[in-house]
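J.: pasting the sequence and the predicted model now:
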Amino acid sequence: MHITEQVAVLVLQIGIVLFAVRLFGQLAKKMGIPSVLGELTAGILIGPFALGGIALPFFPDGIFPLPAGFPETYTLAVSIELYAFATVASVVLLYMSGLETDLSMFLRYSIKGGVIGICGVLLTFTAGTLVSAILLNASFFDPFCMFLGVVCTTGSVAISARTLSEKKKMDSPEGVTILSAGIIEDVLWIILLAVVLGVISNIQEQTTDAVSAQAILLLAGKIFGLWLGVTALLLICSKLIASFLKFFKNTLDFSVLALGLALILAGLLEKQGLALIIGAYIAGLSISKTDVAPVIQERIRGLYEFFVPMFFAIMGMMVNIREIIIPEVLIFGALYTLAVILAKVIGAGTPALLLGFNKRGALRIGMGMNPRGEGALITCGMGLAIGVLDNRLFSAAVFMVFLTIVICPPLLALALKIPGRGTRKPVKHNDSVHEEWKFESKEIADLVIDNLLNELRNEGFFIQTMNINEGLSQARKNDIALFITEKNRTISIATSKTDMPFVRNEIYEVILELSHNIEKLKTSMDPVKMKKNLLDTGARTTKDIFALINPECIKMELKSETKEEIITEMVDVLAAADKLKDRNLVLKDVFERERTMCTGMEHGIAIPHAKTDGITETTVAIGIKKEGVNFDSLDGELSRIFILIISPKKACNLYIEFLAAVGAIFGDEALREAIIEAVTPHEAIELIKRHKGKTS
């Protein structure tokens, strides 16, 4: 196949993957399950073992064919180009994970979480390795069995955080412990993965397969030392790295270069026997406590949203459903899954019993630590790529991830429903309360939450984003713990009763500061003068703009007597002309815009307008009320001519041009009077066109 044709196929495949992950990701969210499950399922369905392998015109082997030489000489079920995309995605994912890791917070406040996280990882690693060794008839120190042990060590805090948030248990003793232990888990998983991959790499370079346990332990110590040394060096140099990045001043520039440094470090460490993702995680971790970290997270969020769902889909594409249902693979997957779930419950639950939790609390913690996610899938993909896992073992491991995501959150929810506290003794500060603040729009809620988190950081709080897509985060300082959720237009914060006055004050200060800044903006930009300029300044118009004026959307005698009634009547004119997709949403958005700033102009003209998702294309309604209505106009006069302009939220140019054109045309007093006296909509349109012809 010619290189141009290969690139064309790759572009087509990426486009299909993007559509599939968005569709199935949104579907999963609507069903109340993690989006990663939908993205993984999308990959399985469009992959070469399912729909992607069906012959189509121009694609005799399917759009996603199995590569040549699979599986004898090539172990991946997707092309090297697609797998390269998945690898870059895993680097971006781990870099973001490193940026979001706040080690100082958990080392300072979460002794229980640390102990539980360590015990959970060690027992799960041991169980995964032991079961694999027994079922594969190999040694416990067989690096390939140890790799399967690493696969099951790390959980997904974001999945558990979602369940805890829904049940309002984020700030419970069990919830705090699960979240803090999850961070410890991630760090230990990175260390274990670095060690095991380094051992496997060294063994693969040797001519003999027989390696003693002592040699493996020595090699593991050497690789751990390399990881620890690089991590410590970069943490020490974190401020220098941040200063170097800020030298480029533009936030987009230094954010992109920060990711570039992560890619460079990932490549260099790969050459030294550590995986790409290890370098990416260390790069993110090294600047996680600097002032540039939040900026970089925000700036590269788009790249994250583009690449990471594709990674999950490509992992799904390599799963062969037919192999999973083979009895020996199914038995291996089921026993492996059962072993690692039990190991996590016992490994995390047993130390919880020794640290003041009762059986209920220990069960909740064990189930909360169980869902596997992105870390396990990244490990599976790496194992397949380097030949540690064959396709059957890979499918069995992904099967384990799939099951834990499906089974464990409902089990955690059931455990949280068990009556009674989860600690042996009443917790002194477990008098948790929740408060909510509802705002006029999601945009305002976003603005408040961003400013609140920045203010808390400035006051010395440690902030951890649990799930950015779900709007979950927590902030801690000394004995104060805040659990913050943003959903649509509502911000909800849970904390102890004694700390809630502090929270109320913080919210008040943030809103007050925003109000002052908005007032300063109004003063500096003088919106009243800007609004008058629409009438005072002539605007160049186009044929397309005047094509928006339709006779059926003009009402020569409005019946309403108030501003609200006028707006409602004009929206109904558009609805009667079948111009709206959602009449109620349009009406709501117009009223919301009117509350922000009234649209009564001068000379008897009012231009209510809004951008909304309730319409598919820009449309206009014109109404006449000869007697006039109080529309809070600039000159205090009653408004008699009403021009309602509705546009889709993502539309821009036509909407702005029409607003400007209205000022240019209706600034003519003779035209205004003529339109008011017009008898029919067609007569009004002819007057407007005639005036437009004179001024163009």
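T.: Arrived safely. Please read these numbers as outputs of a predicted model, since none were measured by experiment.
J.: all contacts plus neighbour counts: C-alpha atoms, from now on.
T.: Noted.
J.: residues in contact with the closest residue to residue 179 other than its chain neighbours?
T.: Computed as Cα to Cα, 6 or more residues apart in numbering, the closest residue to residue 179 that is not its neighbour in sequence is residue 157, at 6.2 Å. Contacts for residue 157 (Cα atoms under 8 Å, 6 or more residues apart in numbering) come out as 178, 179, 182, 183, 369, 466.
J.: output those residues as JSON lines; include the columns distance to residue 418, secondary structure and pLDDT.
T.: As requested, those are exported to JSON lines (distance: Cα to Cα, whole Å; DSSP: H, G, I helix; E, B strand; the rest coil; pLDDT from 0 to 100):
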{"residue": "178", "distance to residue 418": "17", "secondary structure": "helix", "pLDDT": "84"}
{"residue": "179", "distance to residue 418": "20", "secondary structure": "helix", "pLDDT": "77"}
{"residue": "182", "distance to residue 418": "23", "secondary structure": "helix", "pLDDT": "81"}
{"residue": "183", "distance to residue 418": "26", "secondary structure": "helix", "pLDDT": "75"}
{"residue": "369", "distance to residue 418": "18", "secondary structure": "coil", "pLDDT": "90"}
{"residue": "466", "distance to residue 418": "25", "secondary structure": "strand", "pLDDT": "59"}
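J.: so can I have TSV of those residues showing distance to residue 588 and neighbour count?
T.: TSV is the format used below for the contacts of residue 157 (distance: Cα to Cα, whole Å; neighbours: other Cα atoms under 10 Å):
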residue	distance to residue 588	neighbour count
178	41	28
179	39	29
182	42	28
183	43	24
369	43	35
466	33	22
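J.: closest one of the residues you listed to residue 57?
T.: residue 466 (45.4 Å; Cα to Cα).
J.: surely residue 350 touches residue 362?
T.: Yes. In terms of Cα atoms under 8 Å, residue 350 counts as a neighbour of residue 362; the distance is 7.0 Å.
J.: what about these two, which has more around it?
T.: residue 362 (27 against 21; other Cα atoms under 10 Å).
J.: from residue 400, how far out is the nearest residue to the more buried one once chain neighbours are set aside?
T.: Nearest non-adjacent residue to residue 362, counting by Cα to Cα, 6+ apart: residue 349, 4.3 Å away. Relative to residue 400, residue 349 is positioned 21 Å away (Cα to Cα, to the nearest Å).
J.: go on, residue 684?
T.: Going from residue 684 to residue 400 by Cα to Cα gives 70 Å.
J.: quick one, helices of the stretch 101-250 of the chain?
T.: 103-109, 111-135, 143-151, 157-166, 173-205, 213-236, 238-246 (DSSP state H, counting those that start in this stretch).
J.: need the winner for burial among those.
T.: Ranked by mean neighbour count, these are led by helix 143-151 with a mean of 27 (mean count of other Cα atoms under 10 Å).
J.: output the contacting helices and strands for that helix.
T.: Applying 3 or more Cα pairs under 8 Å, 6 or more residues apart in numbering; DSSP states H and E, one finds that helix 143-151 contacts helix 111-135, helix 173-205, helix 374-385.
J.: so which of the ones you listed comes closest to residue 14?
T.: Short answer: helix 374-385, nearest of the helices and strands packed on helix 143-151 by Cα to Cα, at 18.3 Å.
J.: skip ahead from that closest one and say which helix or strand is next.
T.: Downstream of helix 374-385, the next assigned helix or strand under DSSP states H and E is helix 391-417.
J.: right, and the helix or strand after that following helix?
T.: Using DSSP H and E, the helix or strand that follows helix 391-417 in sequence is strand 432-438.
J.: now that next one: mean pLDDT?
T.: For strand 432-438, the mean per-residue pLDDT is 83.
J.: how about low-confidence regions in the stretch 551-696 of the chain?
T.: Filtered on pLDDT under 70, the stretch 551-696 of the chain yields the residue ranges 596, 650-664, 691-696.
J.: repeat that with 90
T.: Counting by pLDDT under 90, the stretch 551-696 of the chain shows low-confidence ranges at 551, 579, 581, 588-589, 591-614, 616-619, 631-637, 645-679, 681-696.
J.: can you map out the helices along it?
T.: Under DSSP H, counting those that start in this stretch, the stretch 551-696 of the chain gives helices at 563-576, 583-596, 653-665, 669-677, 681-695.
J.: hmm, who's touching the shortest one?
T.: Surrounding helix 669-677, the residues in contact under the criterion Cα under 8 Å, 6+ apart are 556, 603, 624-626, 640-641, 665-666, 684, 687-688, 691.
J.: list buried residues within those residues.
T.: 556, 603, 624, 625, 626, 640, 641, 665, 666, 684, 687, 688 (16 or more other Cα atoms under 10 Å).
J.: could you dump those into CSV and include distance to residue 327?
T.: Below are the buried ones among the contacts of helix 669-677 laid out as CSV (distance: Cα to Cα, whole Å):
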residue, distance to residue 327
556, 77
603, 82
624, 77
625, 78
626, 82
640, 79
641, 77
665, 78
666, 79
684, 78
687, 81
688, 78
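J.: closest one of those to residue 258?
T.: residue 665 (51.5 Å).
J.: name the nearest residue to residue 200, sequence neighbours excluded.
T.: Take residue 200 and drop its neighbours on the chain: the residue closest to it by Cα to Cα, 6+ apart is residue 143, 6.1 Å away.
J.: am I right that the one you found is in contact with residue 199?
T.: Yes. Residue 143 lies in contact with residue 199 (Cα under 8 Å); the separation is 7.2 Å.
J.: mind checking how far residue 115 is from residue 349?
T.: 11 Å.
J.: swap in residue 245?
T.: From residue 245 across to residue 349, the span is 43 Å (Cα to Cα).
J.: which residues are in contact with residue 202?
T.: Residues in contact with residue 202 (Cα under 8 Å, 6+ apart) are residue 273.
J.: give me the pLDDT for it.
T.: Residue 202 is assigned a predicted lDDT (pLDDT) of 72.
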